[in-house]
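>>> Got a predicted structure here, sequence first:
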Amino acid sequence: MATALCPGSFDPVTNGHLDIIERTARYFDEVIVAVIRNPQKTEAMFTLDEREEMLRELTSHLENVRILSFAGLLVDFAHEHGADAIVKGLRAVSDFDYELQMAQMNQNLSGIDTFFISTNPKYSFLASSLVREVARFGGDVSSMVPPVVMKRLAERFDELKG
């Protein structure tokens, strides 16, 4: 049984993230969506629990997908859960430069290979940080995130205003 990890901060989950998860689920027996708060990114908009909850709801139609969170090295988490591969979506060449280095490091540390899936062109401009920024200033992100995420973003920014 082949298991893949789809790691990310998912803050918030975008339609691009879901596309990669759904496509990965077609090719692997099990997919673990591994949620982390990336220490290199700015303060999280949603807690780990909130992100996990949204992902569980959004992937409930995929029987072979589990949502887990982790801290530490991805390769340690992969070994702990018997993962055979890491799957990452690539939006642009700039993503590839960074992701290739990470893939090579992960392979060197653990022997785990990384598979890259090119992002659907209609989602190629999406980044969680851009979605947060547009939503923060009242822009319409409804075509960029699922309705449940749109609702959560609106609620979060209402909380911050009030």
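Right, received. Where do you want to start? Residues are numbered from 1 along each chain as shown.

>>> shaky segments in the protein?
38-42, 160-162 (pLDDT under 70).

>>> show me where it has strands.
For the chain, the strands defined by DSSP state E cover 3-8, 30-35, 65-69, 85-90, 113-118.

>>> What is the fourth one packed up against?
It stands for strand 85-90. Judged by 3 or more C-beta pairs under 8 Å, 6 or more residues apart in numbering; DSSP states H and E, the packing partners of strand 85-90 are strand 3-8, helix 15-27, helix 93-110, strand 113-118. Every C-beta, even on glycine, is put in place using the N, C-alpha and C of the backbone.

>>> Out of the ones you listed, flag the one nearest Glu155.
helix 15-27 (19.2 Å; C-beta to C-beta).

>>> now that closest one and strand 30-35, what's the angle there?
150 degrees (axes from the mean of the first three to the mean of the last three C-alpha atoms, to 10 degrees).

>>> Now for the residue nearest to Met102 when sequence neighbours are not counted: which residues touch it?
The shortest distance from Met102 to any non-neighbouring residue, by C-beta to C-beta, 6 or more residues apart in numbering, is to Thr114 (7.3 Å). Shown in contact with Thr114 (C-beta atoms under 8 Å, 6 or more residues apart in numbering): Ala85, Ile86, Val87, Lys88, Glu99, Met102, Ala103, Asn106, Gln107.
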